[in-house]
Structures are given as structure tokens and as C-alpha cells.
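Asks: Fold the following, please.
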Amino acid sequence: DGGCVAFIRYKGPEGVEEFARCAVEEAGVFFLPSSVYHSELTPVPQNCLRVGFGRVHVPEGITVLRNWLNRNSL
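Replies: Next comes the predicted model:
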């Protein structure tokens, strides 16, 4: 009864923090930048995003994200 989660590298010029801020403010799509994570075992890369897909509204969310990315040439 869970969702799918990934930790992906972001290579955009504005950086992961700015990308995450813009995504939520402009498109309503929420990513967690790697700066919010901490590990006792290994350093956490600072250029990653946590991406999670829940059980409902996945196609709609992907469409919103795709349209926002296309509008912003990202």
C-alpha cells in the first residue's frame, strides 16, 4: 500500500534548491532537495531530489510536471 520513491541527481544550472522552490511555487509539484537529508553513514550529495509517486493522481501529477518543464525549457 505504498508508493514509489527515487533519489535523482539534478544537473540544472540554477541548482537543486532553486529548482525545488520553483517547482512547488509555480507548478504545485513538490520535490525534496537533498539538503534536507542527513546520514550518519555517508555524505549526502547536494545535487539530488527526492521524487515520490503516491497511489492516486499520478498521471495528473506527471502531466502538470511535464507541462511546467516544457514551459520553462527545463
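Asks: give me the low-pLDDT residue ranges for the chain?
Replies: Along the chain, the model assigns pLDDT under 70 to residues 1-2, 74.
Asks: residue ranges of the strands in it, please?
Replies: For the chain, strands defined by DSSP state E occupy the ranges 4-9, 32-33, 48-53.
Asks: The second one pairs with which strands?
Replies: What it means is strand 32-33. In its sheet, strand 32-33 lies beside strand 48-53 (antiparallel), with partners assigned from DSSP bridges.
Asks: which residues touch the strand it pairs with?
Replies: By Cβ atoms under 8 Å, 6 or more residues apart in numbering, the residues outside strand 48-53 that reach it are 3-10, 16, 19-20, 31-34, 37, 61. Quick note: C-beta positions are derived from backbone N, CA and C, even for glycine.
Asks: List only those of these flagged as buried.
Replies: Among the contacts of strand 48-53, the ones that count as buried by 16 or more other Cβ atoms under 10 Å are Tyr10, Val16, Phe19, Ala20, Phe31, Leu32, Pro33, Ser34, Gly61.
Asks: Just give the nearest non-adjacent residue to the first one, would you?
Replies: Spatially, and ignoring its direct neighbours in sequence, Tyr10 is nearest to Val16 (4.5 Å; Cβ to Cβ, 6 or more residues apart in numbering).
Asks: picking up where we left off before, and of the buried ones among the contacts of strand 48-53, the nearest to Thr42?
Replies: Using Cβ to Cβ, Ser34 is the member of the buried ones among the contacts of strand 48-53 that lies nearest Thr42, at 12.2 Å.
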